[in-house]
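Asker: I would like the atomic coordinates for the input below:
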Amino acid sequence: MAKEAGFTPPAAGPEMISKHERGVNFPGTSYQAAYCHFFQASEPELGFRYPYPHEHKDDHAGSVTPPLAGIPSQHQPTPQTEGVETANRRDLLSLTAAAIGLTATGTAAAMIAPADRLAILERATAGSGAASAAEGALQAVVADYLHHPPAETLRRAIALQQLTDAITAQYPLRPADQARVWRVSGVATGIRGWLENNAGHTTDARLSLREAHRRGELLEDNQLIAWTRFMQATIEDYAGNPAGAEQYALDGLRHAPSGPQRAILLVGSLAGARAAHGDIRGVDAAVSEAESIVSRLTPDERGPREDHRTVVDSLTSIGLPIFSLDVGRVYSRLGEIGRFMEVTADVRPAIEQGSSSRTSVFRADEAVAVARSKSPDLDRVAALARESLRLAGPFQTAHIASRVNVVLAVTDRDYPAIRSLADEAHTWRISRNRPIDLV
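Answerer: Just a heads-up that it's a prediction; the model follows:
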C-alpha cells in the first residue's frame, strides 16, 4: 500500500500499526500519506492536521509530527469532543490494520473462507429473529408495567437491557436490526431511569436517562430524544433545578415540532419550569400552544385509558385527564387557586368519586395551590397533603414527594398542622424506600 503511494514507511510492520491504533505513536508523514492513499481521502478528511493553519506539510519536514485530531499534546488544549474523536481515529487505524491483514495486536489475521462468510450471513438472519424477540420482550414489560411493584418492573427493565447487550455481542446484526435492538435498549433504559427516580435514586436516574438520550441521538430518533428530554426535565424539576429542567424541555421541543410529545413538553416540562421562575406570561404562552395541539389530536394520539397509562405511552400520546392535571399543576405552583380549579374542572368529578388513579396527585397539587395562594389556610393545606400521601400509588412516589416538598418549603414549619405533616411525610418516605423495594 505504502509503496504504491510512492513512500516507504520505516519499519512498516504490524507492531508500528498497532502503536498507531492504540495512540502510543502518532503516524509520521509517510504513514499519513499511505493512509490517505488507501482511503482515497485527504489528510484533513482523515483528521491529520498541523498546529497552525498557515503552515503546510512541507514546512514540517524533519520536525515533530503533529498529533491526530482528538489526541491532545501537551501544547494543545483538550477539545470537548476528545473521546469521540479519539475513538474515530482508533476505528480508522483498526480498519487500516484489518485491510492489510493485521489484527489490533499486530499479529497476522486469519483469512475468512467463503463458506465461513456465508455462515456469518446466516447468523445475521438469526440476528433478525433475535431483534424481533427483543421487541416482543419490551412489549411484555410495558404490558405488565403496572401489574408488578416498581422494583419488579425495574428489574425487568434491567434484564431487558442485558438481553439487548447479549444480542449485540452474539449476533452480526444488519444495520436495520441493530437500530431495532438499540431502540429497545433505549426505551428499556428510559423506563429504568424513570423508576430509579421514583425510588429516590436521582443520580442513577440521571445516568440512565443520559444513556437513553445518547441512544436516541445515535439512532437520530427524534421521538426517543424528545421522550428522554421530558423525563430528564421532570427529574431536574423534582430535584429543585428549574433552570436545568427548562434547558432539557427546550432541547426536547426542538425534536418535537408538533403532536402529543410537543404538548407534553410544553405543559409537563417547560411551563412548570417557567412557573418556578414566576414567569406567568411564559406559562400562559406554553399552555396556550399545548391546548391548541391537544384540540387537534386523533383518538390514537390520546392514548390508552388513564388507569392503564404508563410513561412509555408518552412516546406517542397524551391523555386528556393527565393533560388537565398537568395544566393545573402549573397554575398551582403560581398560587393561582382559581385558575387551578378552572382548568381541572373536567377531571374533578372523577376525583371526587374516587374513580381516578390520579386523585393523590390532584390533592397534592391542590395543597400546593392553597399553600402558595395569597391567604393560605394551613390546616387545609396539611389535610390535602396528608390525603395525597395516603392515596399515593406505588408508581407515584416521586410525583407526590416533590409536591409535598414544595408545601413544606413555602409554609410555616412551626405551625402545628404543618409540623405534623413534616413528620408524617418523613415516615412515608422511609416506608417507600425500604431496601426490599429497591434494586
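Asker: the domain parsing of this protein - what is it?
Answerer: 14-99, 115-220 (automatic domain parsing).
Asker: next up, the contacts around Ile430.
Answerer: If you count contacts by C-beta atoms under 8 Å, 6 or more residues apart in numbering, Ile430 has none. The way it works is simple: take the backbone N, C-alpha and C, and place the C-beta from them, glycine included.
Asker: and the gap between it and Gly200?
Answerer: Computed as C-beta to C-beta, to the nearest Å, the Ile430 to Gly200 distance reads 10 Å.
Asker: can you tell me the SS state at Ser357?
Answerer: Following DSSP: H, G, I helix; E, B strand; the rest coil, the label given to Ser357 is coil.
Asker: low-scoring stretches of this structure, by residue?
Answerer: For the chain, the stretches flagged by pLDDT under 70 are 1-41, 43-112, 116-117, 120-121, 123-124, 355, 434-439.
Asker: go again with 50.
Answerer: For the chain, applying pLDDT under 50 flags the ranges 1-12, 50-84, 98-104, 435-439.
Asker: against which helices or strands is the lengthiest helix in it packed?
Answerer: Looking across the chain with DSSP state H, the single longest helix is helix 114-143. Contacts defined by 3 or more C-beta pairs under 8 Å, 6 or more residues apart in numbering; DSSP states H and E place helix 114-143 against helix 150-170, helix 175-198.
Asker: quick one: that helix to helix 150-170, angle?
Answerer: 170 degrees (axes from the mean of the first three to the mean of the last three C-alpha atoms, to 10 degrees).
Asker: i'd like the first residue to be 445 from this point on
Answerer: Noted, 445 is the first residue going forward, which turns the last one into helix 558-587.
Asker: ranking the helices and strands packed on helix 558-587 by mean neighbour count, which comes first?
Answerer: Highest mean neighbour count of the helices and strands packed on helix 558-587: helix 619-642, a mean of 23 (counted as mean count of other C-beta atoms under 10 Å).
Asker: and that one, how far out from the chain's middle?
Answerer: Remark: helix 619-642 is offset 9 Å from the chain centroid, using C-alpha atoms, centre = their mean, to the nearest Å.
Asker: just the C-alphas of that helix, formatted as CSV.
Answerer: Output of helix 619-642 as CSV, limited to C-alpha atoms (Å, rounded to 0.1, in the frame of the first residue of the first chain):
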residue,chain,number,x,y,z
PRO,A,619,-27.9,-2.1,10.4
ALA,A,620,-31.7,-2.2,10.5
ASP,A,621,-31.7,-4.9,13.1
GLN,A,622,-29.1,-3.1,15.1
ALA,A,623,-31.3,0.0,15.1
ARG,A,624,-34.2,-2.1,16.4
VAL,A,625,-32.2,-3.5,19.2
TRP,A,626,-30.8,-0.2,20.2
ARG,A,627,-34.2,1.4,20.3
VAL,A,628,-35.5,-1.4,22.5
SER,A,629,-32.5,-0.8,24.8
GLY,A,630,-33.1,3.0,24.7
VAL,A,631,-36.8,2.5,25.8
ALA,A,632,-35.8,0.0,28.5
THR,A,633,-33.1,2.4,29.8
GLY,A,634,-35.7,5.2,29.9
ILE,A,635,-38.0,3.0,31.9
ARG,A,636,-35.1,2.2,34.2
GLY,A,637,-34.2,5.9,34.8
TRP,A,638,-37.9,6.8,35.4
LEU,A,639,-38.3,4.1,38.0
GLU,A,640,-34.9,4.8,39.6
ASN,A,641,-36.1,8.4,40.2
ASN,A,642,-39.4,7.1,41.6
